[in-house]
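> quick check, what structure comes out for this input:
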Amino acid sequence: MADAPGEITGIVLQASAFVGFPRAVATADQFNRLFDEAAIVSPPAPPPREVALAFCEQVRKGKPPTSLSAVIKRLLRHAHRLSVQATAANTVIVECFDGEHARPAALLHILVEGTQVIAVTRFTAR
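Reported below is the predicted structural model:
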């Protein structure tokens, strides 16, 4: 449930194209009131998947926000494609693909706390 505000906000944003901007704003305002009543921080922290995506992009650009092993840095920088999926409230799995292979070269288990990546574990897929 920790990601519910972020997910709800994302859905309202996407729905605004279909329901119209005024209705989306009114809905967002109503959700902000509900979040306040429930003592939920609004705007919500980004979901773990977004935190992990931003982290991976920073590493790929050569600017990792935290210290990482050289193997993980190299893996993220040289991957041709990444598949990023949240698997729990604070866990994200990143599949790192190289070239045209159908199977990932490795999997990264990323642990997210708030807006920070706190741990990255590598699993070799081949």
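
> could you chop the protein up by domain?
Following automatic domain parsing, the chain resolves into domains at 4-37, 48-124.

> now the residue located most distally from the centre of the chain: phi and psi?
No residue in the chain sits farther from the centre than residue 22, which is 28.2 Å out by CA atoms, centre = their mean. Main-chain dihedrals, residue 22, degrees, to the nearest 10: phi -60, psi -40.

> and it, how far from residue 28?
The gap separating residue 22 from residue 28 is 11 Å, by CB to CB, to the nearest Å. C-beta: built from backbone N, CA, C; applies to glycine.

> which one of the domains of the chain is the most hemmed in?
Of all the domains of the chain, domain 48-124 has the most neighbours on average by mean count of other CB atoms under 10 Å, namely a mean of 15.

> any idea of the pLDDT on residue 43?
Residue 43 is assigned a pLDDT of 65 by the prediction.

> same question, residue 125
Per-residue pLDDT puts residue 125 at 60.
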